[in-house]
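Peer 1: next one to model:
(6 chains)
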There are 6 protein chains.
Amino acid sequence: MSTSFLPVSSFELPRFAGVPTFMRLPHIALDHADVSQVKVGFVGVPWDGGTTNRPGARHGPRALRDASTMIRLIHPVHNINPFEIVNCADMGDVSPNPVDVQDTLARVTAFYDKLVDLGIRPMTAGGDHLVSLPVLRSLAKERPLGMIHFDAHTDLWDSYFGGYKFTHGTPFRRAVEEGLLDPKRIIQIGIRGTMADREDIDFAAANGIRLVRIEELMARGVTDVMEEARTIAGSDPIYVSFDIDGIDPSYAPGTGTPEIGGFTTFEAQCMVRELRGLDIVGCDLVEVSPPFDPSGTTAWIGASMMFELLCPLVESAKRANK
Amino acid sequence: MSTSFLPVSSFELPRFAGVPTFMRLPHIALDHADVSQVKVGFVGVPWDGGTTNRPGARHGPRALRDASTMIRLIHPVHNINPFEIVNCADMGDVSPNPVDVQDTLARVTAFYDKLVDLGIRPMTAGGDHLVSLPVLRSLAKERPLGMIHFDAHTDLWDSYFGGYKFTHGTPFRRAVEEGLLDPKRIIQIGIRGTMADREDIDFAAANGIRLVRIEELMARGVTDVMEEARTIAGSDPIYVSFDIDGIDPSYAPGTGTPEIGGFTTFEAQCMVRELRGLDIVGCDLVEVSPPFDPSGTTAWIGASMMFELLCPLVESAKRANK
Amino acid sequence: MSTSFLPVSSFELPRFAGVPTFMRLPHIALDHADVSQVKVGFVGVPWDGGTTNRPGARHGPRALRDASTMIRLIHPVHNINPFEIVNCADMGDVSPNPVDVQDTLARVTAFYDKLVDLGIRPMTAGGDHLVSLPVLRSLAKERPLGMIHFDAHTDLWDSYFGGYKFTHGTPFRRAVEEGLLDPKRIIQIGIRGTMADREDIDFAAANGIRLVRIEELMARGVTDVMEEARTIAGSDPIYVSFDIDGIDPSYAPGTGTPEIGGFTTFEAQCMVRELRGLDIVGCDLVEVSPPFDPSGTTAWIGASMMFELLCPLVESAKRANK
Amino acid sequence: MSTSFLPVSSFELPRFAGVPTFMRLPHIALDHADVSQVKVGFVGVPWDGGTTNRPGARHGPRALRDASTMIRLIHPVHNINPFEIVNCADMGDVSPNPVDVQDTLARVTAFYDKLVDLGIRPMTAGGDHLVSLPVLRSLAKERPLGMIHFDAHTDLWDSYFGGYKFTHGTPFRRAVEEGLLDPKRIIQIGIRGTMADREDIDFAAANGIRLVRIEELMARGVTDVMEEARTIAGSDPIYVSFDIDGIDPSYAPGTGTPEIGGFTTFEAQCMVRELRGLDIVGCDLVEVSPPFDPSGTTAWIGASMMFELLCPLVESAKRANK
Amino acid sequence: MSTSFLPVSSFELPRFAGVPTFMRLPHIALDHADVSQVKVGFVGVPWDGGTTNRPGARHGPRALRDASTMIRLIHPVHNINPFEIVNCADMGDVSPNPVDVQDTLARVTAFYDKLVDLGIRPMTAGGDHLVSLPVLRSLAKERPLGMIHFDAHTDLWDSYFGGYKFTHGTPFRRAVEEGLLDPKRIIQIGIRGTMADREDIDFAAANGIRLVRIEELMARGVTDVMEEARTIAGSDPIYVSFDIDGIDPSYAPGTGTPEIGGFTTFEAQCMVRELRGLDIVGCDLVEVSPPFDPSGTTAWIGASMMFELLCPLVESAKRANK
Amino acid sequence: MSTSFLPVSSFELPRFAGVPTFMRLPHIALDHADVSQVKVGFVGVPWDGGTTNRPGARHGPRALRDASTMIRLIHPVHNINPFEIVNCADMGDVSPNPVDVQDTLARVTAFYDKLVDLGIRPMTAGGDHLVSLPVLRSLAKERPLGMIHFDAHTDLWDSYFGGYKFTHGTPFRRAVEEGLLDPKRIIQIGIRGTMADREDIDFAAANGIRLVRIEELMARGVTDVMEEARTIAGSDPIYVSFDIDGIDPSYAPGTGTPEIGGFTTFEAQCMVRELRGLDIVGCDLVEVSPPFDPSGTTAWIGASMMFELLCPLVESAKRANK
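Peer 2: The predicted structure follows:
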């Protein structure tokens, strides 16, 4: 692989210096000459048009890029440099339409269709959780995917505000209905919080989606739960969706719908480290809302978790490109 | 008038105590038994669906209510207690749809149609500036209104993001096109900031809308400009729209589209005090965005300016109810 | 029961909209026509007159109301909707006197005497911890109560600043002395922090009050400690007092006297969930200080814990009203 | 004079280093061996027991000390080094009683009585504005003083909350009643804000106190108003009280009772610079509330204004000690 | 000129989207194929190694880039689109050495030497004010420059901390000594603040540097002062240095050495607008310190002022490239 | 021992009052008459000249002093009052040179040499971690020390930015090379975070330094790891260095190089409590960066941990002074 896809070392250039791209990678837009060399692409989707409560996730990609320049090269536990495994790049942002949901959904899918055509596995920075739906419409075109989903909420609701079906509380209901996800290969981890009604749980139960509430996670521990997650995911392609609000809000306050009593960043790291070996076709990290994150702590966690997710993702890409 | 419409004195109940309604007024929803006694109604429109840049104005009404509990009873310059002039009340919030622009526009107009039917003059707390459009659709049903408009921006643009016509940069273009505002009776004061193109200025010029750029305001002073404003407004009914971003962002940082080099709060107060005697059928105070206002300063300015706007509004209502 | 006592669903009205009452319940003041239908009343006591260190708890009720509008209807573990069990309402705030301690103590007791007469069990939002004393003077008029108390501090000191006996460090010393609490039925959980002297511990030991220091809680776990707590409380009426500073300040920084090394919000939830079945005559959640909580995280935890406390409280009220 | 009373130069020791005393002066407590050499003493009164709205001024002295270490030695317009004119020192703080108003009033007066006995002119850092009353009880023991008072509020109210006479809204009413201030030699500059009633203005008019509302100040300019102030003050001893809320809250947000439309820091500097030549027996700078001043801007303004006030104060002390 | 050097319109791509370069310009590093087409280059110097008080200006370029994406295309008063006048680009950051002053000075000069060779006029984003010195070492290689300097401080000190000659308080003393600036063609505007001694003023007086203190600026007004500035600068090449602390800290709190009583952003804009027609070979905007600017207001002002400075700079570049 | 070395009780003087020295101890500078009575001295080193990423630790001592005034007298678990064991004092700050690394290193060592001569064991408040090196140059003059080191990073790197050997990432590499530390008696606990390369780990392995990564700490628990730490440290003199970034950034965000997934404050307390009985010749608490700690939480943790460290330190001093 080319050395031109390696981030600069923090021994050479201080981490606060330079135009901030994801992980200090080269910025390779879709029309760039080198785009065909990219195997894993970071993409921002700066959009919160599906947000039903506190907005601001549209500013997530900017903040995540900024924070990600503090990431170095080597994973200390896996002992790998993911950027040496396959070529990674910052693909820039999808241009959203802040005043129209359907138009933006179409724009996102159009962008990811091009990534799929180029054989680039996406690492998406949201945006709110509705972002996952148009991404899945591209990635799951050929067959439904399994999903390992870290979140405080199921996002399996049917509709809001008198029948509106596209919000950040509904993406996975839609994805199951559209055949993008195989419900029997979905596991949702960290679920908690008060509920408006029980409709999402009923939908999960009726379709075979596995919910792991936070109490179960705390009781069993991450190793045991992740073993089950790996079994549910199986060896077929999966998607990994990480909502930052899965992490406790004392760690990650900068999000629109916080729920107290969540898991720690250490537990988050341990869980994601168990994803190695699975066939991951794409990941997202969503719901970082910088206006509610004045200290930048949440963006820093988001960037750190993107690095964790990147490791199994590049290994998946490597296996696919042998 | 009934004493039951008077705010509680801060000598009786500390200003930080109690359920926060606008100005500590009674909460009289549209289905309340006493609604017919109300002449001026505070209404929140918690919505930022038209925002093209930094969101958060949906949280404006909540923050404005909270800050407004620090307002006392008597205007120190006019030497009037506006709450004794006509009955005022907090009418609650319009229920918006955060994920659909057209649905929300319809919901707002439906709410204000009821106010118009009841003869209640509205004092609106936004929300982003697109809120003014559905309000005007109710208030200007019978005839176009004049408008005195304080803002850094003209909000006269045609469309964004490939032809989308309903954003917080377009409400008054739409209002003129729909015949809700008489362009020859519009004056916009405080205009400044870099420009994407010159289309809004051309539209203003072509239609006879008077723009007073900040440089002109600074050179002439508020008294002279407001004399012209009163002449342009005339004696027919007008609407008053106050975008908090007209005020310099060092005073009012909590807004989505700040522009440096604006007018001060003292100048804002002096300008609004010149509105007495005009026939004001409604006012709004928009674009307070609490997520960008961590200290609450902007909401406090917003509440203070709502009190300034209230004085000429209740006097208009009083004259109309003689 | 009447449906008019149910909070509005967040599917109908976004959670950031509307006049903020506790849990979006109706505001039923003591002179309201429907007050006799209320069984559990939320009351704010916006007062920090007993605070010896950092003030601001007077702003607690306002912030807790605001945050509480993010609470939905159903408890996800108990699987109950507490608002359907007995009628709940927001009773408004006691009017405090910020410049006189004894006057405020009398005002609080006078307010709660009316609640007791009406058979309303109170869920109090402080205010600093001195608030618990005048509340207990009403609730324990007929017999001393037991108490389960979550806190970093015992609040059993005798006096401050040269003999002043009424501060937020002394309420439970006074309550024991006045016969409002039966010391043998008191358990205090989460105690920690440096100490000026050992007087509070000596008082506890001499009177049979059970202190569970944080080290013991961490070593035994919440289930074991709460089993002991239930035994100590017994089947007679108890009061539950929850000082937000029991929770670690990384979770709940917005408080006047933080002590590092506390319990987590998850542990707090688990502990309160063990209160079901006890006969709870009232609860308080105190020491949320918004000026030290700029992100609102502490208020959100406070509101979430009030919902946790509400569940066993409404069940107690239900049993009493059979 | 002794060089031991000079602050350290910022060329020698960086301004962020060292134990923070006022202006980096030596800390000379009342029992210190060198106390008799001090002519002007900085005193903190960390107390907000008279605050009727937002508390926190008890933290003012700490924040003002911290900010004051950024002050250098020489006034750039007067071209004097005030620390060379008479010996200045940090006398420490009065120990307040946060839970009792009358006890604290007595403690403050007892402390200042000692300063008066020692011939030390005080530069007081509040604390809320009630602090001025017990200070005046010491300074005006022998004869009533004149006063130049910068503020948004008159602080001439009679009582709050049902007859309570000692709050931060009442100190100068009390001081006039007690014969500590000669009302005909009082001028209050910067008055503004909504009013609960007109009682304070009536009291001022009835007693000959001169109020300069902000509109008058803006119209006449600071030079003209200060000329009048000097005439009113005359050549007899005066007190200078500077409430930080006189300055516009965009400059000084960290205060309990902000009022928009105030004067600028430049105007504040120009006004205080006109005090030279008057016989000033003491000054205070009050109502800096650090919990509402997260950026420290207000404390920095407060420290800067204390340096401005110091210059005419040391000159007064010099003349008295010739 | 090439359209590839135009920023994207905010009507096409929302302003919060995309990798943040200065003004949304293309990122053209020194080794980029198109570098020879650039005439005006934005350069970040992320360094605060000369800071004697509060650090953080090393984070300035990142924050200024982020804020600058809110700038649109056209200057509303000059009525020009500067990006159409000559090709502008973001040249990236100089790589500083945070732990060595002399090494960094050499790195900066080496970088700017290349710009000079390429005929690119720099618009520098600091960094602290010591940054100006190594830039001038490149730009003034052939002849001394004049300078128009906006600042609260003269930065003409000789040394700190026992003879250390390279700090952010000394750059222009060094530049005059090294023959990089012609002292008789220097004007410094906005000077204020307390002083450690009078050495800087004496140096200015001895060398013919013109100081305009803030009191003089306020008394004469910006038009008059800028007329003098243009006369002093003359028609020969000049440098323009804008220290953000020249602006009042209520506008621009995010800086290391704030001084109250400064000029407004409107005044700053008016002053810079008077620079048209002068021969400007480079500009800098320094001392934005993001850690002291949590709301981002200061960075937004900095970016806005960079746009103001850009207009006369591109016109200078245009005239030089005719 | 003298009672004059006892902090004032918070029952006597509120904790927000008074000139803030460390723990409210007397300020005894090196030239103070009583300096010979001091056995343990708190020293601030306000310097961040070795910081490679986010600066601000120069403001650490000021913030730590302020927070430390909330500490009371008695350790609740050890049940000792450390201030009664040996005389403790605040020795003030070393005067650093913010613009020169080597000069500052020399200044720090010169200061600590005097402490060593006086027999005072230092409790140092940083400052960045490079501060530990010049301190060790004094303390380890006679023989290499062992070290128990709590941190997210090893600080064993060789050089940065092209060979620069003195940064906050290199102090312990230098200390081992200079013979100040015996590598076989070093244990580093809490290590984590991404890595630029593996050089520090290789150095540790080659020299026998024991690294305990966070995963090992979490798996074994603090008791087991600290038993090993005590064995490694042995009975000879050791130094204890506590980098605040060892604690998870949700607890301690105010630091320059945060790494997610750290240990809790409770774990930190438990670990430090296991140091009793070791022969500790000095401790430091470093990397508190107030500009990144707006809420003060990190400084409060730092002060609390300094109290924990103080207890075994005074016991060591006591044993040495028998």
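Peer 1: Three-state assignment for whichever residue of the stretch 151-300 of chain A sits closest to chain E, please.
Peer 2: In the stretch 151-300 of chain A, the residue that lies nearest chain E is A:Pro294 (5.6 Å; C-beta to the nearest C-beta). Using the backbone N, CA and C atoms, a C-beta is placed for each residue, glycine as well. Three-state assignment for A:Pro294 (DSSP: H, G, I helix; E, B strand; the rest coil): coil.
Peer 1: what are the ranges of the helices in the stretch 151-300 of chain A?
Peer 2: Taking DSSP state H, counting those that start in this stretch as the test, the helices found in the stretch 151-300 of chain A are A:171-177, A:199-207, A:214-220, A:222-233, A:265-273, A:297-320.
Peer 1: ok, back up a step: which ones are touching the residue of the stretch 151-300 of chain A closest to chain E?
Peer 2: Going by C-beta atoms under 8 Å, 6 or more residues apart in numbering or on different chains, A:Pro294 touches A:Gly254, B:Pro294, C:Pro294, C:Ser295, E:Pro294, F:Pro294.
Peer 1: pLDDT for these - can I get that in CSV?
Peer 2: As requested, the contacts of A:Pro294 are exported to CSV (pLDDT from 0 to 100):
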residue, pLDDT
A:Gly254, 97
B:Pro294, 90
C:Pro294, 90
C:Ser295, 89
E:Pro294, 90
F:Pro294, 90
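Peer 1: contacts only, for A:Phe42.
Peer 2: A:21-23, A:25, A:88-91, A:122-125, A:306.
Peer 1: quick check: pLDDT value at A:Asn321.
Peer 2: In this model, A:Asn321 is scored at 87, pLDDT.
Peer 1: ok, A:Thr3 next?
Peer 2: 65.
Peer 1: now A:Phe11
Peer 2: 84.
Peer 1: residues near it, how many?
Peer 2: 20 (other C-beta atoms under 10 Å in any protein chain shown).
Peer 1: quick one: it and F:Tyr160 touch, right?
Peer 2: Yes: applying C-beta atoms under 8 Å as the test, A:Phe11 and F:Tyr160 come out as touching, 5.3 Å apart.
Peer 1: quick check: residues of chain A near chain F?
Peer 2: A:9-12, A:14-16, A:70-77, A:248, A:250-251, A:264-266, A:268-269, A:294-295, A:297, A:300-301, A:304, A:307 (C-beta under 8 Å from any C-beta of the partner chain).
Peer 1: of those residues, just the buried ones, PyMOL syntax please.
Peer 2: Buried members of the residues of chain A next to chain F, defined by 16 or more other C-beta atoms under 10 Å in any protein chain shown, are picked up in PyMOL with:
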select buried, chain A and resi 10+11+14+15+16+70+71+72+73+74+75+76+248+250+251+264+265+266+268+269+294+295+297+300+301+304+307
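Peer 1: distance of A:Gly41 from C:Gly221?
Peer 2: 46 Å (C-beta to C-beta, to the nearest Å).
Peer 1: so which of the two has more stuff around it?
Peer 2: A direct count of neighbours by other C-beta under 10 Å for A:Gly41 and C:Gly221 places A:Gly41 higher, at 25 against 11.
Peer 1: from chain E, how far off is that one?
Peer 2: Distance, A:Gly41 to chain E, using C-beta to the nearest C-beta, to the nearest Å: 13 Å.
Peer 1: so which helix or strand takes in that residue?
Peer 2: strand A:40-45 (DSSP states H and E).
Peer 1: how about A:Ala89?
Peer 2: Assigned by DSSP H and E, A:Ala89 falls in strand A:88-93.
Peer 1: just the CA atoms of the helix or strand just after that strand, as CSV, please.
Peer 2: Remark: after strand A:88-93, the chain's next helix or strand is helix A:101-118, criterion DSSP H and E. The C-alpha coordinates for helix A:101-118 follow below in CSV (Å, rounded to 0.1, in the frame of the first residue of the first chain):
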residue,chain,number,x,y,z
VAL,A,101,-36.0,14.9,5.1
GLN,A,102,-36.7,13.0,1.9
ASP,A,103,-34.3,15.0,-0.2
THR,A,104,-31.5,14.4,2.3
LEU,A,105,-32.3,10.7,2.5
ALA,A,106,-31.9,10.5,-1.3
ARG,A,107,-28.7,12.5,-1.2
VAL,A,108,-27.1,10.2,1.3
THR,A,109,-28.0,7.1,-0.5
ALA,A,110,-26.7,8.5,-3.8
PHE,A,111,-23.3,9.2,-2.1
TYR,A,112,-23.0,5.8,-0.6
ASP,A,113,-24.0,4.1,-3.8
LYS,A,114,-20.8,5.5,-5.3
LEU,A,115,-18.8,4.2,-2.3
VAL,A,116,-20.3,0.7,-2.8
ASP,A,117,-19.4,0.9,-6.5
LEU,A,118,-15.9,1.8,-5.6
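Peer 1: could you give the angle of whichever helix or strand comes after helix A:101-118 to strand A:88-93?
Peer 2: Using DSSP H and E, the helix or strand that follows helix A:101-118 in sequence is strand A:121-126. Interaxial angle, strand A:121-126 versus strand A:88-93 (axes from the mean of the first three to the mean of the last three C-alpha atoms, to 10 degrees): 50 degrees.
Peer 1: how far off centre is strand A:121-126?
Peer 2: 6 Å (C-alpha atoms, centre = their mean, to the nearest Å).
Peer 1: which strands border that strand, and is each parallel or antiparallel?
Peer 2: Using DSSP bridges, strand A:121-126 pairs in its sheet with strand A:40-45 (parallel), strand A:280-286 (parallel).
Peer 1: what angle separates that strand from helix A:297-320?
Peer 2: 170 degrees.
Peer 1: spell out which parts of chain A neighbour chain B.
Peer 2: A:48-52, A:54-56, A:58-59, A:97-101, A:103, A:160-162, A:164, A:166-167, A:291-292, A:294.
Peer 1: closest one to F:Glu177 among the strands paired with strand A:121-126?
Peer 2: strand A:40-45 (40.1 Å; C-beta to C-beta).
Peer 1: let's see the closest one as PDB, backbone CA atoms only.
Peer 2: Taking Å, rounded to 0.1, in the frame of the first residue of the first chain, the C-alpha atoms of strand A:40-45 are listed here in PDB:
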ATOM      1  CA  VAL A  40     -12.100   2.300   3.900                       C
ATOM      2  CA  GLY A  41     -13.600   5.800   3.700                       C
ATOM      3  CA  PHE A  42     -14.500   8.100   6.500                       C
ATOM      4  CA  VAL A  43     -17.700  10.100   5.600                       C
ATOM      5  CA  GLY A  44     -19.500  12.800   7.400                       C
ATOM      6  CA  VAL A  45     -23.200  13.200   7.300                       C
END
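Peer 1: what's the first helix or strand after it?
Peer 2: helix A:60-68.
Peer 1: please work out the average pLDDT along that next one.
Peer 2: Helix A:60-68 shows a mean pLDDT of 98.
Peer 1: any idea how far the nearest residue to A:Ile214 once chain neighbours are set aside lies from chain F?
Peer 2: Closest residue to A:Ile214 in three dimensions, ignoring its sequence neighbours and counting by C-beta to C-beta, 6 or more residues apart in numbering or on different chains: A:Arg192, at 4.3 Å. Using C-beta to the nearest C-beta, we find A:Arg192 at a distance of 18 Å from chain F.
Peer 1: A:Gly261 is in contact with A:Arg192, correct?
Peer 2: Yes: using C-beta under 8 Å, A:Arg192 is in contact with A:Gly261, at 5.8 Å.
Peer 1: okay, and the common contacts of those two?
Peer 2: A:Ile214.
Peer 1: re the thing from before, out of the residues of chain A next to chain B, which are buried?
Peer 2: Buried among these by 16+ other C-beta under 10 Å: A:48-52, A:54-56, A:58-59, A:97-101, A:103, A:160-161, A:164, A:166-167, A:291-292, A:294.
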